[in-house]
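**Student:** got a structure for you, letters missing:
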């Protein structure tokens with residue numbers, strides 16, 4: 001047998017795996033989550049109190065806060081990007097629960113505490129419509145909970161917020 005005829009992944013430089021290009025819609029669907037870019041290093045290094053002082057001096061500008069509907073869809077985007085978990089806001093591997101994703105968005109300046117409270121109110125309203133009488137974070141931690149139900153909750157809450165003009 002000729003050893004040059006047997007392909008080897010270690011010796012064949014001309015064989016390269018190819019990745020298909022991601023499909024991008026021509027007109028993005030408004031229901032799709034808004035992608036969340038990681039915060040800049042300045043956000044990670046400077047504490048909020050210093051950023052506040054710099055903003056008062058005109059040397060810093062925080063990102064514009066989002067409407068509750070957009071915040072809810074970004075929360076879903078964060079969970080899809082970094083992974084969903086239960087019982088912890090953030091796991092050692094970086095997965096997040098709903099509240100943990102909201103914390104990330106608030107700490108990076110994507111939402112204000114008031115906007116986050118409004119988003120939570122819409123999540124609670126969506127749960128109440130489904131006949132569930134518990135806090136969203138307790139509902140997230142139910143033993144038989146699935147990520148598909150979390151996606152439905154966040155999407156329904158965002159729809160409720162949009163219906164109210166938020």
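**Tutor:** Yep, that arrived. Since the model is a prediction, treat every value here as computed from it, not as a measurement.

**Student:** tell me how many other residues crowd residue 107.
**Tutor:** Residue 107 has 13 neighbouring residues, counting by other Cβ atoms under 10 Å. Every residue, glycine included, has its C-beta placed from N, CA and C.

**Student:** same question, the one 10 residues further on
**Tutor:** Around residue 117 sit 11 other residues, with neighbours defined as other Cβ under 10 Å.

**Student:** from the chain's centre, how far out does the helix or strand encompassing it sit?
**Tutor:** Using DSSP states H and E, the element containing residue 117 is helix 113-129. Computed by Cα atoms, centre = their mean, to the nearest Å, the separation of helix 113-129 from the middle of its chain amounts to 16 Å.

**Student:** show me what secondary structure element comes after that helix.
**Tutor:** By DSSP H and E, the next helix or strand past helix 113-129 is helix 136-140.

**Student:** ok, the nearest residue to residue 153 once chain neighbours are set aside to residue 96 distance?
**Tutor:** Spatial nearest neighbour of residue 153, chain neighbours left out: residue 126 (5.7 Å); criterion: Cβ to Cβ, 6 or more residues apart in numbering. Distance of residue 126 to residue 96, given as Cβ to Cβ, to the nearest Å: 19 Å.

**Student:** ok, the residue at minimal distance from the centre of the chain to residue 122 distance?
**Tutor:** Taking Cα atoms, centre = their mean, the centroid of the chain lies closest to residue 78, which sits 1.5 Å from it. According to Cβ to Cβ, residue 78 stands 17 Å off from residue 122.

**Student:** do the same with residue 75
**Tutor:** With Cβ to Cβ as the criterion, residue 75 and residue 122 are 11 Å apart.

**Student:** neighbour count winner among these two?
**Tutor:** Shown here are residue 75 and residue 122; by other Cβ under 10 Å, residue 75 has more neighbours (30 against 26).

**Student:** ok, the more buried one touching residue 99?
**Tutor:** No. When contacts are counted by Cβ atoms under 8 Å, residue 75 is not listed as touching residue 99 (9.4 Å).

**Student:** the residue nearest to residue 153 contacts residue 156, correct?
**Tutor:** Yes. Contact criterion Cβ under 8 Å: residue 126 and residue 156 qualify, at 4.3 Å.

**Student:** buried ones in stretch 152-166?
**Tutor:** Residues of stretch 152-166 classed as buried by neighbour count (16 or more other Cβ atoms under 10 Å): 153-158, 160-162, 166.

**Student:** can I get those residues in JSON lines with distance to residue 46?
**Tutor:** Output for these, formatted as JSON lines (distance: Cβ to Cβ, whole Å):
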{"residue": "153", "distance to residue 46": "33"}
{"residue": "154", "distance to residue 46": "30"}
{"residue": "155", "distance to residue 46": "34"}
{"residue": "156", "distance to residue 46": "36"}
{"residue": "157", "distance to residue 46": "31"}
{"residue": "158", "distance to residue 46": "30"}
{"residue": "160", "distance to residue 46": "35"}
{"residue": "161", "distance to residue 46": "30"}
{"residue": "162", "distance to residue 46": "33"}
{"residue": "166", "distance to residue 46": "30"}
